[in-house]
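S.K.: fold the following for me, if possible:
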Amino acid sequence: MTAFFQSLGLSYEWAWTVATLTGIIVISLLVMFSVAMVIYVDRKVLGAIMMRRGPNVVGPFGLLQSFADGLKVFLQETIIPSAANKGIFLLAPIITFTVALAAWAVIPFSAGVVLADVNVGLLYILAISSMGVYGVVMAGWASNSKYPFFSAMRASAQMISYEVSIGFVLVCVVLFAGTFNMSGIVEAQRGFGFGLINGYVVHPLLFPMWVVFFISSLAETARAPFDLTEAESELVAGYQTEYSSMSFALFWLGEYANILLMCSLNTLLFWGGWLPPLDWAPLYFVPGIVWFLLKTFAFFLMFSWIWATVPRYRYDQLMRLGWKVFLPMSLMFVVVTSGWLMATGHFDSTAPTAPANTADFVQAAPAQATAERGQS
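M.R.: The predicted structure follows:
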């Protein structure tokens, strides 16, 4: 895209700036439109499982229901409790919404279709997603109400508990891929299973890790059966109790953007990302972004199915699953995975060739850097 704007006569700096801003706007609009559609899908799936119709009035087949709901909350008045800390109260949903969008900067939709193809993309996602809890805690504290405060404490403990397990799962994936780059992780899955299947999930050491990651994704996004932060029978509406109009809508948008993010991470880390299911030439005629969206949507359907059918956990069950089951299990698989890869010589085949001696490296490095600058 930078080259396109350069062809219009812009300098490299201005072309890069305009291309980056264009990419941010396109990705943000795509995510927001996807959120509106998956909210509709969520309600239709729930309706089908509960043997009712769901949205079917606004627009054809009810497709415009999410936009009507958005317009409704946009036109409503924002009510701030008199005892609330107004600054933090208003800042909390903004942080939640902004952090949810910022994580999409390193998500590759297809080969080369990524806003920032950084080498530490996986670490960036792990860091930025952990910041989402700040918005929830700030909302619970600033509301100056006991139910939102209890919800904020639950949310912080829940997210911290399951992020530990997610971190160890990601270590297993990085050990196989040899990189933190999201595009590199996807490419490492090409023909991984028996030289035919694109995806890490077929490996006997990584399939259990995908199961842990998928369940932890539900807990990380406070999705049923782990929606203890919004348990209406206990906490009214949790940290969102005192919110209304657009401040409530920002929490809603941020929550579904995070759900889509976790669905896309399941796709990218274990199921081949934008690659077709099989490493078979005719399947590559389908654009990679189509495969990526289909897989992500399939995971969202699984999220909806679980929400409609699995009862909510008790809080002690939630903590026990995270600390006594997933944490020891994921830590054990890190040890087993690294040991198996060492035994099979995986690291020897992926390690870069070292220079013969230090003097050769010192002499070769400046020349290589100069050549790379000349090519760029």
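S.K.: and the gap between the spatially most central residue of the chain and residue 250?
M.R.: Using C-alpha atoms, centre = their mean, the residue of the chain that lies closest to the mean C-alpha position is residue 261, 2.6 Å off. Residue 261 sits at a distance of 16 Å from residue 250 (criterion: C-beta to C-beta, to the nearest Å). (Glycine included, C-beta is placed from N, CA and C.)
S.K.: likewise residue 258?
M.R.: The span separating residue 258 from residue 250 equals 12 Å under the rule C-beta to C-beta.
S.K.: please apply the same query to residue 130.
M.R.: In this structure, residue 130 lies at 19 Å from residue 250, with C-beta to C-beta as the measure.
S.K.: one more: residue 308?
M.R.: Residue 308 sits 25 Å away from residue 250, going by C-beta to C-beta.
S.K.: list the contacts of the residue nearest to the centre of the chain.
M.R.: For residue 261, the contacting residues are 100, 103-104, 107, 125, 129, by C-beta atoms under 8 Å, 6 or more residues apart in numbering.
S.K.: how about residue 226?
M.R.: If you count contacts by C-beta under 8 Å, 6+ apart, residue 226 has them with 158, 218-219, 312-313, 318.
S.K.: nearest residue to residue 152 in space, please, no chain neighbours.
M.R.: Of all residues not flanking residue 152 in the chain, residue 140 sits nearest, at 2.4 Å (C-beta to C-beta, 6 or more residues apart in numbering).
S.K.: quick one: buried residues of the host helix or strand of that neighbour?
M.R.: Element membership of residue 140, judged by DSSP states H and E, is helix 132-142. Using 16 or more other C-beta atoms under 10 Å as the burial criterion, the residues of helix 132-142 that qualify are 132-133, 135-142.
S.K.: if you rank the contacts of residue 261 by neighbours, which is first?
M.R.: Ranked by neighbour count (other C-beta atoms under 10 Å), these have residue 100 at the top, with 28 neighbours.
S.K.: do I have it right that it meets residue 252?
M.R.: No. Counting by C-beta atoms under 8 Å, residue 100 sits too far from residue 252 to count as a contact (10.7 Å).
S.K.: where does pLDDT dip in this protein?
M.R.: 232-234, 349-376 (pLDDT under 70).
S.K.: that one: strands as residue ranges?
M.R.: Using DSSP state E, the chain contains no strands.
S.K.: residue 286 is in contact with residue 110, correct?
M.R.: No. Taking contacts as C-beta under 8 Å, residue 110 lies outside contact range of residue 286: 10.8 Å.
S.K.: neighbour count winner among those two?
M.R.: residue 110 (18 against 12).
S.K.: please name the nearest non-neighbouring residue to the more buried one.
M.R.: Of all residues not flanking residue 110 in the chain, residue 288 sits nearest, at 3.6 Å (C-beta to C-beta, 6+ apart).
S.K.: what about the one you found, distance to residue 294?
M.R.: Residue 288 sits 11 Å away from residue 294, going by C-beta to C-beta.
S.K.: ditto for residue 196
M.R.: Plainly put, residue 196 is 19 Å away from residue 294 if you go by C-beta to C-beta.
S.K.: residue 145: what's it in contact with?
M.R.: Contacts of residue 145 by C-beta under 8 Å, 6+ apart are 81, 241-242.
S.K.: before we move on, what about residue 126?
M.R.: Going by C-beta under 8 Å, 6+ apart, the list of residues near residue 126 reads 163, 166-167, 170.
S.K.: reformat those residues as CSV; add distance to residue 342.
M.R.: Supplementary listing: these in CSV, determined by distance: C-beta to C-beta, whole Å:
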residue, distance to residue 342
163, 27
166, 24
167, 21
170, 19
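S.K.: from those residues, which is closest to residue 119?
M.R.: The shortest approach to residue 119 among these belongs to residue 170, at 14.9 Å (C-beta to C-beta).
S.K.: just give the nearest non-adjacent residue to the closest one, would you?
M.R.: residue 122 (6.1 Å).
S.K.: am I right that that neighbour is in contact with residue 184?
M.R.: No. Taking contacts as C-beta under 8 Å, residue 122 lies outside contact range of residue 184: 9.5 Å.
S.K.: of the two, who's got more company?
M.R.: The neighbour count for residue 122 versus residue 184, taken as other C-beta under 10 Å, is higher for residue 122 (23 against 17).
S.K.: list the residues that contact the more buried one.
M.R.: Applying C-beta under 8 Å, 6+ apart to residue 122 gives the contacts 170, 173-174, 180-182, 185.
S.K.: ok, and the most crowded of these?
M.R.: Neighbours were tallied for each of those (criterion: other C-beta under 10 Å), and the maximum of 27 neighbours falls on residue 182.
S.K.: what sits against that one?
M.R.: Shown here is residue 182, whose contacts under the criterion C-beta under 8 Å, 6+ apart are 106-108, 114, 117, 121-122, 125, 268, 273.
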